[in-house]
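> What shape does this take:
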Amino acid sequence: MEINLKGQTAIVTGSSTGLGRACAMGLADEGMNVVINYHSSKVEAEDAVSEIQQRGGQAIAVQADVSKEDDVERLFQTCLDTFGHLDVLVSNAGLQSDAAFTEMTLAQWNKVISVDLTGQFLACRAAARIFKKQGVHEHGRAAGKIICMSSVHDEIPWAGHVNYATAKGGVKMMMESLAQELAADKIRVNSISPGAIQTDINREAWETEEALDKLLTLIPYGRIGEPEDVANLCVFLASDVSDYITGTTVYVDGGMMLYPGFRFGG
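Below is the predicted model:
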């Protein structure tokens, strides 16, 4: 099995930190040009670009709010102006704004839905338009690849996070519908759904020994995930090695989806 992504170009939304950054690094290490997208963390985005360049890769940082149509269009046009083509979109940007359902404000609901679901719609639409125009070309067997970053909460209900779980459930059905519609154009669309991954966004869930022990009761495999676990799958789905895979959600969760409470008889 040989993964060859040299000369291809990827946009990774929300990639200045966390899982997005890990995916960007993984793709760059395989020879891809990478567009680091950020909302407000300019310093972190520029640091990611510098790290890629130090490793011998090519990258640029582009500020854009994925919930705004004009920003998304500018992001993708900047990519084309810089690298001339696009091969992969990793639609990763997301956030949380948690509250008990009866206390959740409309602003909290709209904030999460606009970034985590509408933002994915806007980014995926922009990528699909480019891929259809480009068609299959010298960079691979597909006209383009879209990888949506979802969550185990596209299936597992999550009290206190109704807006987030709703958005991720929407991402799953959006991805499947896009995959069905775009397959004839040789555009592959898949999702990665992480479970508990060790990043700053969930630091309170793993930072102390007590918190980590509690978290591990939900993970049959017995360890928290690392960003590279997600990045490795992202590279696989971006490559021709996965050319016959579309419309699929892959859960990177150490077994969290396996109803761990039933390990001992329920």
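
> just how off-centre is stretch 87-103 within its chain?
Going by Cα atoms, centre = their mean, to the nearest Å, the spacing between the C-alpha centre of stretch 87-103 and its chain's C-alpha centre is 11 Å.

> Now do the same for it: mean pLDDT, whole number.
What stretch 87-103 shows for mean pLDDT is 97.

> for this structure, longest strand please?
Ranked by residue count and defined by DSSP state E, the top strand of the chain is strand 187-194.

> what does the very next helix or strand once past that one contact?
Where DSSP states H and E defines the elements, the next helix or strand beyond strand 187-194 is helix 209-216. By Cβ atoms under 8 Å, 6 or more residues apart in numbering, the surrounding residues in contact with helix 209-216 are 196, 204-206, 222-224. The C-beta positions use only the backbone N, C-alpha and C, and glycine is treated the same way.

> repeat that with 6 Å
Contact with helix 209-216 is made by 196, 205-206, as judged by Cβ atoms under 6 Å, 6 or more residues apart in numbering.

> can you give me the helices for this structure?
Taking DSSP state H to define them, one finds helices in the chain at 18-29, 42-54, 69-83, 106-113, 119-134, 162-182, 209-216, 227-238.

> Just name the shakiest helix or strand of the protein by mean pLDDT.
One helix or strand of the chain scores below all others by mean pLDDT, DSSP states H and E: helix 209-216, with a mean of 92.

> Tell me the buried residues in it?
215-216 (16 or more other Cβ atoms under 10 Å).

> and it, how far from the chain's centre?
26 Å.

> before we move on, what about stretch 54-64?
From the chain centre to the centre of stretch 54-64 is a distance of 17 Å (Cα atoms, centre = their mean).

> related to what we said a few turns ago, could you identify which of the helices of the chain has the lowest mean pLDDT?
helix 209-216 - the lowest mean pLDDT of the helices of the chain, at a mean of 92.
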